[in-house]
Structure formats: structure tokens, C-alpha cells
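S.K.: Output the structure for:
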Amino acid sequence: MARSVTRTWYRVGLVRADDSRVLVAAQGEHLGVAIASAEEHAHGRAIAAEVASGDAVPLGDSVGKQPVVVVPDVPELHAAGAFAWPSGVIPQLAGAAQLAGARRGYTIHPDPELLVIEAQTDAEHLVDLYLGLLERLPYADNLEVRVLDHFEDTGTTDVWLTSRVNAKKILRFLDDNDVELLGNGHLELSVYVRQQKATLRLTQHKTVVWLAENGAFEDEITRWLRELAVPRVDDNIAITGAPHFHYRPAKSHNRKWVDEELYKQRLRKVDTLKA
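M.R.: Now for the predicted structure:
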């Protein structure tokens, strides 16, 4: 017997190449599917979304006949910025205006014990940024993958860890699985550089963070960021400053598949944390 698939209606706001805005209602098994359908239908890029409910759900001829329906837009859509948020995170429509000034750039956060450099970039450049920094590191030792509690709302975070490997093997693994791992907003990745007591992290909000004791590699990291066209900024507007969604790409797999794949790739589940 075929498995019944539950689909949800979302409202997705998009910006087109001419900077015009359009709001559509899109249906999908999860938000990533709805975003992909909306972008294909409207020939635009998603900049905000919300779950459609009540009178926002298309009725009549729309139901069951087409997965995307253009609906009247709202003021919040025109107040939203046009920043191309990386795959995995998107502002909620109601709070998108709070993020209108978001941009590419890195900041050095004040911290009494650690060097903390955080870089934000757009959808087109995220994979190149994270893998570009990893490729430039002279060495790396372990990859940690955190499958977070909001992935299918399980309420638990599973922590997976490789054995001691080298940077080239980590780079190849991530490059081969960029959609599943780098594009999924329900995951967080960390590459450990043990000699320097440092971590290169891809956060669940799709920022790239360098954490290091004793200021390790500060000059190198900032130089590499400039080489990757990420300028230094005094501050930046992060998606954490407004309501937002985490989602996985349309062509990615569910949590069970991710767990099984990590196991096949010889990562070990070293911890399970309750939310």
C-alpha cells in the first residue's frame, strides 16, 4: 500500500530579476518543496515565506489541480530585503522587513577567550565559502555533523563524528553531499583543527564561523575571506534577528535517510541531546 503524503500550503514571497515582487501559495510535502515549486512557477527567488492558514489557503479550482497559485501580495513583501538567503533558512513573511539590510560580510566578535570570526554570504556563494576555507586550511582532523532537534521536530539532536581523517577526505565528502549537508538548515557542521584548538563551523543559520583559542590563524582566515570576496563589516543583520524557518532542499532526503547515510560513511553517533 502506498504511503500517504501530507502536503502543506505555504505562502512564498519572491523577487524577480527586474526587482518586482510576487506572492504565491505553493503546496509541498515540506517547505523546501514549496519554495522550489514557487521559484520555478514565478521565475523568481524566494525571499520570505509563511505557512498558509485559514483564508490564505487556496480553495475551489486551485485545490488538487495545481501546486502553485499567485495570490494578492502584502505590504510585508515589499518591505522585505532582496538578500538571497542560503538554502536552508528563510525569513518569515511577517518579520522579513527587519532583515532588509542583510548583506555579505564578516565580523570579528569580541570574546575574552576565543577568536570568533563570523561570515555571512548569499545562496550562490555559501558552498564556495565554506569549502574554500576548508580547502585553504593546512590540516584538519575530524568532521562533526549535528542533526538538530527541529529536523522533523524529533526534539533530539544527534551528534555524529568521523574518526581522525584529513582535510582532503572531509572536503571530498562534503563536496559530494553538498545538497544533503550544506543546504540543509536542520544540520550544523564543524571541522576540528586540533593542533590549533580551532573549529570551522557551518551553523544552522548558514553563517560560517571560525572559533580558535589564542587567535590561531586570524591573519590567514581574514585574508582568505577577502580572497573569497567577503568584505569585513562593522556589524551585520543576521537571520537570527527575526522570525525565520529552517528547511531542507526539495531534492534532499528525510532524517532517517541522513542518519543511515552518515552511518554508511562511517561516522559514529557519539551523543543524543534532548532539546
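
S.K.: Endpoint to endpoint, stretch 222-231 covers what distance?
M.R.: End-to-end distance of stretch 222-231 (Cα to Cα, to the nearest Å): 9 Å.

S.K.: gap between it and the chain center?
M.R.: On the basis of Cα atoms, centre = their mean, to the nearest Å, stretch 222-231 sits 20 Å off its chain's mean C-alpha point.

S.K.: Give the buried residues for that stretch.
M.R.: Going by neighbour count (16 or more other Cβ atoms under 10 Å), the buried part of stretch 222-231 is 222, 224, 225, 228, 230. Where C-beta positions appear, they are placed from N, C-alpha and C, glycine not excepted.

S.K.: among those, which two are most distant?
M.R.: 222 and 228 (10.9 Å; Cβ to Cβ).

S.K.: Just the CA atoms of stretch 201-211, as PDB, please.
M.R.: Provided in PDB are the C-alpha atoms of stretch 201-211 (Å, rounded to 0.1, in the frame of the first residue of the first chain):
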ATOM      1  CA  ARG A 201      31.700  25.700  11.700                       C
ATOM      2  CA  LEU A 202      28.700  26.000   9.300                       C
ATOM      3  CA  THR A 203      25.900  27.000  11.600                       C
ATOM      4  CA  GLN A 204      22.200  26.100  11.300                       C
ATOM      5  CA  HIS A 205      21.700  29.700  10.200                       C
ATOM      6  CA  LYS A 206      24.100  29.200   7.300                       C
ATOM      7  CA  THR A 207      26.800  31.500   8.600                       C
ATOM      8  CA  VAL A 208      30.500  30.400   8.600                       C
ATOM      9  CA  VAL A 209      32.300  30.700  11.900                       C
ATOM     10  CA  TRP A 210      35.900  30.300  12.800                       C
ATOM     11  CA  LEU A 211      36.500  29.700  16.600                       C
END
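
S.K.: On the three-state scheme, residue 250 is what?
M.R.: Following DSSP: H, G, I helix; E, B strand; the rest coil, residue 250 is assigned to coil.

S.K.: if I look at the residue nearest to it when sequence neighbours are not counted, how far off is residue 175?
M.R.: Once flanking residues are discounted, residue 250 sits nearest to residue 36: 3.7 Å by Cβ to Cβ, 6 or more residues apart in numbering. Counting by Cβ to Cβ, to the nearest Å, the separation of residue 36 from residue 175 is 22 Å.

S.K.: These two: who's more crowded?
M.R.: Remark: of residue 36 and residue 175, residue 36 carries more neighbours, 18 against 14, as counted by other Cβ atoms under 10 Å.

S.K.: The closest residue to residue 95 other than its chain neighbours: neighbour count?
M.R.: Spatial nearest neighbour of residue 95, excluding adjacent residues (Cβ to Cβ, 6+ apart): residue 242 at 3.8 Å. Residue 242 sits with 18 neighbouring residues when counted by other Cβ under 10 Å.

S.K.: sorry, back to before: common neighbours of residue 222 and residue 228, please.
M.R.: Contact criterion Cβ atoms under 8 Å, 6 or more residues apart in numbering; residues shared by residue 222 and residue 228: none found.

S.K.: before we move on, back to that, could the buried residues of stretch 222-231 go into a markdown table alongside distance to residue 154 and secondary structure?
M.R.: Below are the buried residues of stretch 222-231 laid out as a markdown table (distance: Cβ to Cβ, whole Å; DSSP: H, G, I helix; E, B strand; the rest coil):
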| residue | distance to residue 154 | secondary structure |
| --- | --- | --- |
| 222 | 38 | helix |
| 224 | 36 | helix |
| 225 | 35 | helix |
| 228 | 34 | coil |
| 230 | 34 | coil |
